[in-house]
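# Sequence and predicted model, in that order:
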Protein chains: 2
Amino acid sequence: MRTLTRAERAQLAMVLEVSAYPKPGNVDRCHDYPNTRLEHFLASSILARPALEAAERGEGGVGTLIHRAVECTSGYSGGNTHFGAFILLIPLVMGDSIDGASKVIATTTVDDAVEFYHAFGKTEVRVIEKHELDVHDPDSIAALRSRGMNLYDVLLYSAPRDMVAREWINGFQMTRRGADLLHAAGCGRDAIVEAFLGLLALEPDTFIVKKHGPDTAWRTMEKAREVREGLRDLQAFDQECIDKGINPGSIADIIIASLYIALGEGWQWDC
Amino acid sequence: MRTLTRAERAQLAMVLEVSAYPKPGNVDRCHDYPNTRLEHFLASSILARPALEAAERGEGGVGTLIHRAVECTSGYSGGNTHFGAFILLIPLVMGDSIDGASKVIATTTVDDAVEFYHAFGKTEVRVIEKHELDVHDPDSIAALRSRGMNLYDVLLYSAPRDMVAREWINGFQMTRRGADLLHAAGCGRDAIVEAFLGLLALEPDTFIVKKHGPDTAWRTMEKAREVREGLRDLQAFDQECIDKGINPGSIADIIIASLYIALGEGWQWDC
């Protein structure tokens, strides 16, 4: 068996995440949303390759590479599928590990922040509020430059409201936790579901907060705990989330990063 | 929207084929076989990339590149997933079209045949009978050389019993037909199911012949026709095939080639 490149490992993480089933509320092999379907995630996993390979070769700053990943995968229906995942995968692929990614993150520049804003502007990512640094406002770019904000600063600014941004700030804590859950759960796809539930039970998903408010996100976290404790049926919980459009999209992004790390540590997807 | 490379188009064809549902008897987004599951096909689609890119760059003969594709994707559980698809995709990617692939096929060498036998030996592909050129017999390689058989000759020898080999001999007729069915059916995944059923209704699948005999293959073809005529329920037909292990694996290989061609002609997977 050959050693996978980092880019391949990232792509494998993306297809394994979306096909794992049942993942409460999210697109998986048995569930689509009307406008975002399994094939959108699979195609995005294929199409992101040039950006992931450039990240592996260290060609370009982290902001440019996130922007490139968005460009590689945009222009199709399905909206933003992997933007949050790219925010985590690009530094992880650049740095090859959480430690390496932390070094990438520690040296981001204002140009990285500007590129990130350009990338952000090309997605349809839900923002919690119209705040002063609106990605669709050209003045925001000028503001980034005049304040000397680098990409770390931008994600620090978002961290209280966005658990993906928070991974940059806290040294990929949930990513690490997800990888540990994968190792603990054993090989194969059932482990992905277990790790997903484990993270969902840990903290309220900030994507749900943005879409449905903090109470729904909190209640979803509690229900995930009940599933883990055997007090609630997983399939019924999944269906309830799907019916209400409650999709823990940020946890999905983080699980992709966890899969990337775990695969690099020898976790087996096939068993 | 950027133009896909040929390798990306081939990978996209592989993930679209396996995720399309319901495909009677085959692995799809809602069905696995115990030892061959959705994730095996998705991983193989990711892992085949170096061989597909080498084919796009024209690095190596068609036999070497098929061998390389098998090597890139082997070493995992799940068995042979895409061997038949590689036999079609590698020349199509090398030649960029059916015409170009036909030129590749017209100039194969004995070395191509030898490499193909090495690749074949690494798969668990079902053979109809123990015939004189057994891929597991080292003497077969010597026989290829002493007879001066090139890869075209080898596939000509298999063509009566194998519809994938037949594509090499007859100018990719079913591949072309599948692409035409995709265009006729419109965009998106439902078109893949229609094209799949269309090919299944056209000729008995030779993979089914090898596994279950010609009568079962013929009856499966007739049932596909009845589904197309509205006389039989598609989901029930799918379930019946799955229950009996009747999987039209060769048609699946050909549909991947059809998707590759159709995508290159502007067929839209997302709608």
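Cool, the structure landed. These numbers come from a predicted model, not from an experiment.

# Those residues of chain A touching chain B, which are they?
Within reach of chain B by Cβ under 8 Å from any Cβ of the partner chain, chain A has these residues: A:1-2, A:4, A:8, A:11-12, A:15-16, A:19, A:29-30, A:37-40, A:42-43, A:45-47, A:49, A:71-72, A:74-78, A:189, A:269-271. Every residue, glycine included, has its C-beta placed from N, CA and C.

# Just the ones in helices from those residues, please.
A:8, A:11-12, A:15-16, A:19, A:38-40, A:42-43, A:45-47, A:49, A:71-72, A:189 (DSSP state H).

# what angle sits between the particular helix or strand that has residue A:65 in it and helix A:38-47?
Counting by DSSP states H and E, the element that carries residue A:65 is helix A:62-73. Here helix A:62-73 points in a direction 130 degrees away from that of helix A:38-47 (axes from the mean of the first three to the mean of the last three Cα atoms, to 10 degrees).

# counting contacts, what elements does the next helix or strand after helix A:62-73 pack onto?
Using DSSP H and E, the helix or strand that follows helix A:62-73 in sequence is helix A:83-95. Counting by 3 or more Cβ pairs under 8 Å, 6 or more residues apart in numbering or on different chains; DSSP states H and E, the packing neighbours recorded for helix A:83-95 are helix A:6-19, helix A:49-57, helix A:62-73, helix A:98-106, helix A:163-169, helix A:249-264.

# Adding mean neighbour count and mean pLDDT, write these out as a markdown table.
Below are those laid out as a markdown table (neighbours: other Cβ atoms under 10 Å in any protein chain shown; pLDDT from 0 to 100):
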| stretch | mean neighbour count | mean pLDDT |
| --- | --- | --- |
| helix A:6-19 | 26 | 97 |
| helix A:49-57 | 21 | 97 |
| helix A:62-73 | 24 | 96 |
| helix A:98-106 | 17 | 96 |
| helix A:163-169 | 23 | 96 |
| helix A:249-264 | 28 | 97 |
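
# would TSV of these with distance to residue A:202 be doable?
As requested, the helices and strands packed on helix A:83-95 are exported to TSV (distance: least, Cβ to Cβ, whole Å):
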stretch	distance to residue A:202
helix A:6-19	17
helix A:49-57	27
helix A:62-73	25
helix A:98-106	17
helix A:163-169	10
helix A:249-264	9
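
# sorry, back to before: got a list of contacts for the helix holding residue A:65?
Contact with helix A:62-73 is made by A:43-44, A:47-52, A:54-55, A:59-60, A:81-83, A:86-87, A:89-91, A:94, A:104-105, A:108-109, A:111-116, A:118-119, A:122-123, A:151, B:2, as judged by Cβ atoms under 8 Å, 6 or more residues apart in numbering or on different chains.

# what's the spacing between that helix and its chain's center?
14 Å (Cα atoms, centre = their mean, to the nearest Å).

# hmm, back to that, narrow the residues of chain A next to chain B to just the buried residues.
A:4, A:8, A:11-12, A:15-16, A:19, A:29-30, A:37-40, A:42-43, A:45-47, A:49, A:71-72, A:74, A:76, A:78, A:189, A:269 (16 or more other Cβ atoms under 10 Å in any protein chain shown).

# mind checking the SS state of the residue of chain A positioned farthest from its centre?
Ranked by distance from the centre of chain A (Cα atoms, centre = their mean), the top residue is residue A:146, with 29.5 Å. Secondary structure, DSSP: H, G, I helix; E, B strand; the rest coil: residue A:146 is helix.

# Now do the contacts for the residue lying closest to residue A:22 once chain neighbours are set aside.
Of all residues not flanking residue A:22 in the chain, residue A:238 sits nearest, at 4.2 Å (Cβ to Cβ, 6 or more residues apart in numbering or on different chains). By Cβ under 8 Å, 6+ apart, the contact set of residue A:238 is A:22-25, A:31.

# Considering those residues, which member attains the minimum pLDDT?
Among the contacts of residue A:238, residue A:31 carries the weakest pLDDT, at 86.

# That one pairs with what?
Beta-bridge partners for residue A:31, by DSSP bridges, are residue A:28.

# Model confidence score at residue A:135, please.
Per the predicted model, pLDDT is 60 at residue A:135.

# Actually, residue A:128.
pLDDT, read off for residue A:128, is 41.

# Could you do the one 4 residues further on as well?
In this model, residue A:132 is scored at 53, pLDDT.

# who's in contact with the residue nearest to residue A:92 when sequence neighbours are not counted?
Beyond its immediate neighbours in the sequence, the residue positioned closest to residue A:92 (Cβ to Cβ, 6+ apart) is residue A:101, lying 4.7 Å away. By Cβ under 8 Å, 6+ apart, the residues touching residue A:101 are A:91-92, A:94-95, A:172.

# farthest-separated two in the residues you listed?
Farthest pair in the contacts of residue A:101 (Cβ to Cβ) is A:94 and A:172. Separation: 13.2 Å.

# Surely residue A:220 and residue A:245 touch.
No. Taking contacts as Cβ atoms under 8 Å, residue A:220 lies outside contact range of residue A:245: 11.7 Å.

# which residues are in contact with both of those two?
residue A:25.

# Which one's more surrounded, those two?
Applying other Cβ atoms under 10 Å in any protein chain shown to residue A:220 and residue A:245 shows that residue A:220 carries more neighbours, namely 27 against 12.

# The more buried one belongs to a strand?
No. Under the criterion used here (three-state DSSP), residue A:220 is helix, not part of a strand.

# From residue A:190, how far out is it?
For residue A:220, the distance to residue A:190 equals 21 Å [Cβ to Cβ, to the nearest Å].

# And residue A:122, by the same measure?
For residue A:122, the distance to residue A:190 - Cβ to Cβ - is 36 Å.

# Between the two, tell me which one has more neighbours.
residue A:122 (16 against 13).

# thought residue A:51 was touching residue A:85?
No. With contacts counted by Cβ under 8 Å, residue A:51 stays clear of residue A:85, the gap being 11.6 Å.

# so residue A:226 sits right up against residue A:233, yeah?
No. At 9.5 Å, residue A:226 does not count as touching residue A:233 under the criterion of Cβ under 8 Å.

# list the contacts for the residue of the stretch 151-271 of chain A found nearest chain B?
Nearest residue of the stretch 151-271 of chain A to chain B: residue A:270, at 4.5 Å (Cβ to the nearest Cβ). By Cβ under 8 Å, 6+ apart, the residues touching residue A:270 are A:187-188, B:39-40, B:43, B:76-78.

# Which residues are in contact with the closest residue to residue A:259 other than its chain neighbours?
In space, and not counting its chain neighbours, residue A:259 is closest to residue A:13: 3.7 Å by Cβ to Cβ, 6+ apart. Residues in contact with residue A:13 (Cβ under 8 Å, 6+ apart) are A:89, A:256-257, A:259-260, A:263.

# Let me know the closest of the residues you listed to residue B:182.
Closest to residue B:182, out of all of the contacts of residue A:13 and judged by Cβ to Cβ, is residue A:256, at 30.4 Å.

# how far away is the closest one from residue A:84?
In terms of Cβ to Cβ, residue A:256 sits 8 Å off from residue A:84.

# Residue A:185 too?
23 Å.

# So for those two, which residue has more residues nearby?
Neighbours around residue A:185 and residue A:84, counted as other Cβ under 10 Å, are more numerous at residue A:84. The numbers are 26 against 18.

# Which residues are in contact with the more buried one?
Contact analysis of residue A:84 by Cβ under 8 Å, 6+ apart lists A:125, A:164, A:207, A:249-250, A:252-253.

# Is it possible to get a markdown table of these that adds distance to residue B:177?
Putting the contacts of residue A:84 into a markdown table (distance: Cβ to Cβ, whole Å) gives the following:
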| residue | distance to residue B:177 |
| --- | --- |
| A:125 | 42 |
| A:164 | 46 |
| A:207 | 44 |
| A:249 | 40 |
| A:250 | 45 |
| A:252 | 39 |
| A:253 | 41 |
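
# Out of those residues, the closest to residue A:141 would be?
Proximity of these to residue A:141 was ranked by Cβ to Cβ; the top entry is residue A:125 with 17.0 Å.

# what's near enough to touch residue A:259?
Contacts of residue A:259 (Cβ under 8 Å, 6+ apart): A:12-13, A:16-17, A:178-179, A:182, A:192, A:267.
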